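Colleague: I'll drop the sequence and a predicted model, then ask my questions.
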Number of protein chains: 2
Amino acid sequence: MIMRMSSLFVRTLREDPADAEVPSHRLLVRAGYIRRAAPGIYTWLPLGLKVLRRIENIIREEMDSIGGQELSFPALLPREPYEATNRWTEYGDNIFRLHDRKGADYLLGPTHEEMFTLVVKDLYSSYKDLPLVIYQIQTKYRDEARPRAGLLRGREFVMKDSYSFDIDDAGLDASYQKHRDAYIRIFDRLGFEYVIVKATSGAMGGSKSEEFLARAEVGEDTYVRCTKCDYAANVEAVQVAPPRPVPYDGLPAAHAEQTPDTPTIQTLVDHLNDAFPRADRPWTAGDTLKNVLIVLKHPDGTREPIAIGVPGDREVDQKRLEGQLEPIEVEPFDETEFKSHPSLVKGYIGPGALGEKGESGIRYLVDPRVVAGTSWVTGANVDGSHVLDLVVGRDFTPDGTIEAAEVRDGDPCPVCGVEGGAGGTLETARGIEMGHIFQLGRKYADALDLKVLDESGKLVTVTMGSYGIGPSRAVAAIAEGTLDDLGLSWPREVAPADVHLVATGRDEQVYAAAERIAHELASRGVEVLYDDRPKVSPGVKFKDAELIGVPTIVIVGKGLADGTIEVKDRATGAREDVAADHVVDHLVRLVKA
Amino acid sequence: MIMRMSSLFVRTLREDPADAEVPSHRLLVRAGYIRRAAPGIYTWLPLGLKVLRRIENIIREEMDSIGGQELSFPALLPREPYEATNRWTEYGDNIFRLHDRKGADYLLGPTHEEMFTLVVKDLYSSYKDLPLVIYQIQTKYRDEARPRAGLLRGREFVMKDSYSFDIDDAGLDASYQKHRDAYIRIFDRLGFEYVIVKATSGAMGGSKSEEFLARAEVGEDTYVRCTKCDYAANVEAVQVAPPRPVPYDGLPAAHAEQTPDTPTIQTLVDHLNDAFPRADRPWTAGDTLKNVLIVLKHPDGTREPIAIGVPGDREVDQKRLEGQLEPIEVEPFDETEFKSHPSLVKGYIGPGALGEKGESGIRYLVDPRVVAGTSWVTGANVDGSHVLDLVVGRDFTPDGTIEAAEVRDGDPCPVCGVEGGAGGTLETARGIEMGHIFQLGRKYADALDLKVLDESGKLVTVTMGSYGIGPSRAVAAIAEGTLDDLGLSWPREVAPADVHLVATGRDEQVYAAAERIAHELASRGVEVLYDDRPKVSPGVKFKDAELIGVPTIVIVGKGLADGTIEVKDRATGAREDVAADHVVDHLVRLVKA
């Protein structure tokens, strides 16, 4: 197939578009791949559509290779199934809603769990029908509060979403692993740097969830990786490896002390160093235990105050907290709450008043570092007073642990960095979420009553996995990960063409030779973008080729007189002269390698 | 590629779905191709999606072959461009409208003229860039008042829409012809009966417009065809060939007569036969001229009453009338209108009071049959009185003609049936509109200011053509046109598989042989639907194969012991026994023929 620059529906721009925030967005517009139609809504021009389709086809091939079956749901969906799972309400402003002419409620599907669950319920009824993997590559909608960065966070976008259906947890594990393997093959073929990070799966419990992130400074997702081993996790999902319990023997007894006007950690530490200096080392925030009160709003509407204890040198990370609790919502513990819990002394709250058995009856969860045998300075629950040398397990016992404290660069790696000093530490990095694989379990099957008969003729609820990749976001993420100062630079499997053939000058023999090469390449299955524009200067043609970013640039020009043609690698800039007689063979080998 | 019935996501149903109105809808649901998600909104199951994609690919290949370039617009569109062309208002209840979270207005695109026009305006600026053909295959939305017949009239559906852009009318003619040729190739490949009919293009004037209809009793479109020549036209587009003018010489003078209580044609004809009997033949409705008053509502809001004169034996056809006038709307001429035109005598309105020069000043358009020299009985514009022998051109002159009278079976063909009695006559038939090609002209380019520089450096408005095919509707239309009592019966190019291979009985050798044949076929590029279900009876397998409708059914069963395999043609039912050793070669030849 030959695309000719003289007729291709494309115009390259020398200027950056005004609204582009990130390099991939700027270049995709400048190189004529996409155009903005509305905020977060884009038109795919021919070059952009080619890249999108190639990505979709890679995904399709790998989904088919694990037995996935493609189908296609509508984007315009009735309210009822989303009502049944409560998502009609939960999505809030994030979905587009509309009425039809009869006043019936519809939404533009942001994701299709309900529809997949219902179609399996419609067609299948027996364990013999399982396992099943079905998927679609389809347009989805989210009314993002802040659509940004071009295709990276759009309001209309393409998703491959697949679902696995299994009779039991072992089946789900196997289906999850098959998807994980397929995703690795997909991301390897897409040809750019990615990382697989552990992700939280909210209140759904211990089920597995991993994200595939493109490494990118412009990414919205923060993750941590180990400096030494291959551990990587979404910040929400980092699990602090708890230190070993410490023996209590020989530890001094707890003692309350006057600490007037020390409602904050800093004022407390200053006061401790003034009034109770330690011989070996000064007091630091890390010696204190900070107790934070919040209110949980459960999905059934009930409200429950809880206390969270974290080392005083760390903040509670709202995203980590929410990630642990979802779909429970977090609300502030306000003055009204304080009034209904008169046993709590603001600014000096201590473990003594907390816990299900404590005076307030408020559940008390602590950071995993607050382990048995460790000593802390914390509130005495008396105004202007703290307790020193309060030992966990000896003087108080929390109701449980929670991963809510912030993660910091330099924290020990939970896998290899726990014991001793030789292990790795964590460092934060940014990425673009491109894929998510997720053991959904029975949430949707329960809500929509998807049951099948098992071998003994008993009805059992099906367990599901959910697996997504965004091909339209991938276009931008791959562009972002591979571009350079000159323009886009596509990996071979996703490029809009295999070869960008440039004919330079005005010599008719040059154009005749280029034309012949283009046809020979096309006849051997090589996709050619041929710059055949007769009146455009070589400089402009080279700049356009670099901007458009096809991986191999072939220049037919002055060298032809000596029988040579220049072949240039877009990514490395490496050039070589190839004999005109052999250039087609050379290119076919390069492209099909 | 092998699809196995044992794992394919499909369930065939023995019962018709309750809501299915037409055979194709019933069978597409029963055979497991589609499922209803909401009124007029369907989910494509794997078999249905295969057929849809094959149709899309045929269309894509033929669009590419005429130099069409594929791009893709969003479905969620901002209001502004549709405001600029007034279609935001004109569409009324027929489009889905919604707000985003900021309250901005959006619509779900019913068609993309505006977006195509704007993207060309964005990228192109010179005559050198033209001609251009761009297209998309994309999901569209219309909030139909009565979604019906499954995929035939849906609310979410797939369209290929292409547009041509040319500098002048000759260019548009050439682009139109290229599309027409491509459409003929597409419809030939789709493999079913179709007819190309002339269509109206409303107020846009003499520009060309043709529809591609599938012949189908269940179709919503009525068209007429000639019994003799190949003339075919949408009823709206039929142009009555006017009879030749008749000489006035020797015709009796017009004379008003008392015709009390004859406000209808029937009472008038009865009275004429009673009071003024003719020697040679009785009076009939066809001798009378009926004058119908309506009000035109022009797009700028102005209202204009007009009178339409048609032979008394024909009604005014509302659809033909509207087709002629669009986008002008038609409203009734009510009592208020009569009051403001006191010169008109209700029930006895005659040409004397009409016409721009008549007493009322109301414009008077007549059916083309009301030609100079013809004599009529018509209202005298005096209560209880008609004029007889009133001759067109001698006694009155209309302001023009209009094609508004109903078309009837047996009317002479406008092409071959005009002069003499030996020509063809028209007969009505029903069809499904599957494609429409249309010279848009400069309507959208004018509204959205799409101009380019011509050779002399002058800005000129671009002229456009619009060309649509509905692949999702085509799935149903092809099914409708090819199904039989047993089930679906797909033409080869669009079938979900090439061969439906059925293994019968419980003999392991049969399954081993079938498995081998399936793999050999797949390795030679034949798509196989393989019924490998071990516990399903041959009868059920045969019924399923006939219902699903793959064009070739191959049965591996008892005959295998004698070295033969049965090959059956789904459409004709013809069977032949083929030697097992040669069956793969035989099938490859059949499929690739």
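Modeller: Nice, I can see it. This structure is a prediction, so every number in the text was calculated from the model and none was measured. Numbering: from 1, shown residues only, chains lettered A, B, ... in the order given.
Colleague: so who does A:A37 touch?
Modeller: A:T43, B:F73, B:P74, B:L77, B:P78, B:M115 (C-beta atoms under 8 Å, 6 or more residues apart in numbering or on different chains). Quick note: C-beta positions are derived from backbone N, CA and C, even for glycine.
Colleague: and the third one, how many neighbours?
Modeller: The reference is to B:P74. 26 (other C-beta atoms under 10 Å in any protein chain shown).
Colleague: neighbour-wise, which one of the contacts of A:A37 leads?
Modeller: Most surrounded of the contacts of A:A37: other C-beta under 10 Å gives B:P74, at 26 neighbours.
Colleague: can you pull the contacts of A:V310?
Modeller: With contact set as C-beta under 8 Å, 6+ apart, A:V310 has these partners: A:L289, A:K290, A:V292, A:V316, A:V366, A:D367, A:V370, A:A404, A:A405.
Colleague: any figure for the gap between it and A:S360?
Modeller: Distance, A:V310 to A:S360, using C-beta to C-beta, to the nearest Å: 18 Å.
Colleague: can you check A:Q509 too?
Modeller: From A:Q509 to A:S360 the distance is 91 Å (C-beta to C-beta).
Colleague: give me the number of residues near the residue in the stretch 201-350 of chain A that chain B sits nearest to?
Modeller: Closest residue of the stretch 201-350 of chain A to chain B, C-beta to the nearest C-beta: A:E220 (18.8 Å). For A:E220, the neighbour count with other C-beta under 10 Å is 13.
Colleague: sorry, back to before: give me the more crowded residue out of A:Q509 and A:S360.
Modeller: Neighbour count, other C-beta under 10 Å: between A:Q509 and A:S360, A:S360 has more, with 21 against 11.
Colleague: ok, the more buried one to chain B distance?
Modeller: In this view, A:S360 and chain B are 40 Å apart by C-beta to the nearest C-beta, to the nearest Å.
Colleague: contacting residues for that residue?
Modeller: A:H341, A:S343, A:L344, A:A353, A:L354 are the contacts of A:S360 under C-beta under 8 Å, 6+ apart.
Colleague: that one - that's part of a strand, no?
Modeller: No - going by DSSP: H, G, I helix; E, B strand; the rest coil, the assignment for A:S360 is coil, not a strand.
Colleague: for it, phi and psi?
Modeller: The phi and psi values for A:S360, taken as degrees, to the nearest 10, are phi -80, psi -20.
Colleague: and the gap between A:V391 and A:P368?
Modeller: According to C-beta to C-beta, A:V391 stands 17 Å off from A:P368.
Colleague: more neighbours: those two, which one.
Modeller: Higher neighbour count among A:V391 and A:P368: A:V391, with 18 against 15, using other C-beta under 10 Å.
Colleague: checking my notes, that one in a strand, right?
Modeller: Yes - checked against three-state DSSP, A:V391 lies within a strand.
Colleague: mind checking how far it is from B:T139?
Modeller: Distance from A:V391 to B:T139, by C-beta to C-beta: 65 Å.
Colleague: thinking again about what came up before, among the contacts of A:V310, which one has the lowest pLDDT?
Modeller: For these, the weakest pLDDT value sits at A:A404, with 89.
Colleague: look up the closest residue to it, ignoring the ones flanking it.
Modeller: A:L321 (4.2 Å; C-beta to C-beta, 6 or more residues apart in numbering or on different chains).
Colleague: state the three-state secondary structure for that neighbour.
Modeller: Once three-state DSSP is applied, A:L321 turns out helix.
Colleague: how far does stretch A:235-253 sit from its chain's centre?
Modeller: Distance of stretch A:235-253 from the chain centroid (C-alpha atoms, centre = their mean, to the nearest Å) equals 31 Å.
Colleague: now the helices for chain A?
Modeller: Ranges of helices in chain A, per DSSP state H, are A:23-30, A:46-65, A:79-84, A:87-90, A:113-123, A:169-190, A:265-275, A:318-325, A:335-340, A:443-448, A:471-482, A:508-523, A:538-548, A:583-592.
Colleague: flag the shaky bits of the stretch 151-300 of chain A, pLDDT-wise.
Modeller: Scanning the stretch 151-300 of chain A for pLDDT under 70 picks out A:201-206.
Colleague: how about the residues of it by chain B?
Modeller: The stretch 151-300 of chain A comes close to chain B at residues A:R155, A:E156, as judged by C-beta under 8 Å from any C-beta of the partner chain.
Colleague: identify the residues contacting A:I517.
Modeller: So A:I517 contacts A:L501, A:V554, A:V556, A:I565, A:V583, A:V584 (C-beta under 8 Å, 6+ apart).
Colleague: and what of A:H179?
Modeller: Contacts of A:H179 by C-beta under 8 Å, 6+ apart are A:I66, A:V133, A:S162, A:S164, A:I437, A:G465, A:Y467.
Colleague: of the residues you listed - the most surrounded one?
Modeller: Using other C-beta under 10 Å as the neighbour criterion, A:S164 leads the contacts of A:H179 with 30 neighbours.
Colleague: surely that one and A:L132 touch.
Modeller: Yes - using C-beta atoms under 8 Å, A:S164 is in contact with A:L132, at 7.0 Å.
Colleague: show me what the lengthiest strand in chain A is packed up against.
Modeller: When chain A is parsed with DSSP state E, its longest strand is strand A:426-441. For strand A:426-441, the packing partners by 3 or more C-beta pairs under 8 Å, 6 or more residues apart in numbering or on different chains; DSSP states H and E come out as helix A:169-190, strand A:194-198, strand A:209-215, strand A:221-226, strand A:463-469, helix A:471-482.
Colleague: may I see the buried residues of stretch A:408-423?
Modeller: A:D411, A:P412, A:C413, A:P414, A:V415, A:C416, A:G417, A:G423 (16 or more other C-beta atoms under 10 Å in any protein chain shown).
Colleague: make CSV from those and add distance to B:T267 and pLDDT to it.
Modeller: Formatted as CSV, the buried residues of stretch A:408-423 follow (distance: C-beta to C-beta, whole Å; pLDDT from 0 to 100):
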residue, distance to B:T267, pLDDT
A:D411, 100, 89
A:P412, 104, 88
A:C413, 100, 88
A:P414, 98, 86
A:V415, 99, 85
A:C416, 103, 86
A:G417, 104, 79
A:G423, 106, 84
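Colleague: now the residues you listed in JSON lines, with distance to B:R281?
Modeller: Below are the buried residues of stretch A:408-423 laid out as JSON lines (distance: C-beta to C-beta, whole Å):
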{"residue": "A:D411", "distance to B:R281": "107"}
{"residue": "A:P412", "distance to B:R281": "111"}
{"residue": "A:C413", "distance to B:R281": "107"}
{"residue": "A:P414", "distance to B:R281": "105"}
{"residue": "A:V415", "distance to B:R281": "105"}
{"residue": "A:C416", "distance to B:R281": "109"}
{"residue": "A:G417", "distance to B:R281": "110"}
{"residue": "A:G423", "distance to B:R281": "113"}
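Colleague: ok, those vs chain B, which is closest?
Modeller: A:D411 (37.5 Å).
Colleague: what's the residue nearest to A:Q138 when sequence neighbours are not counted in contact with, if anything?
Modeller: Closest residue in space to A:Q138, ignoring its immediate chain neighbours: A:S72 at 5.8 Å, by C-beta to C-beta, 6+ apart. Under the criterion of C-beta under 8 Å, 6+ apart, the neighbours of A:S72 are A:Q136, A:I137, A:Q138, B:T43, B:W44, B:L49, B:L52.
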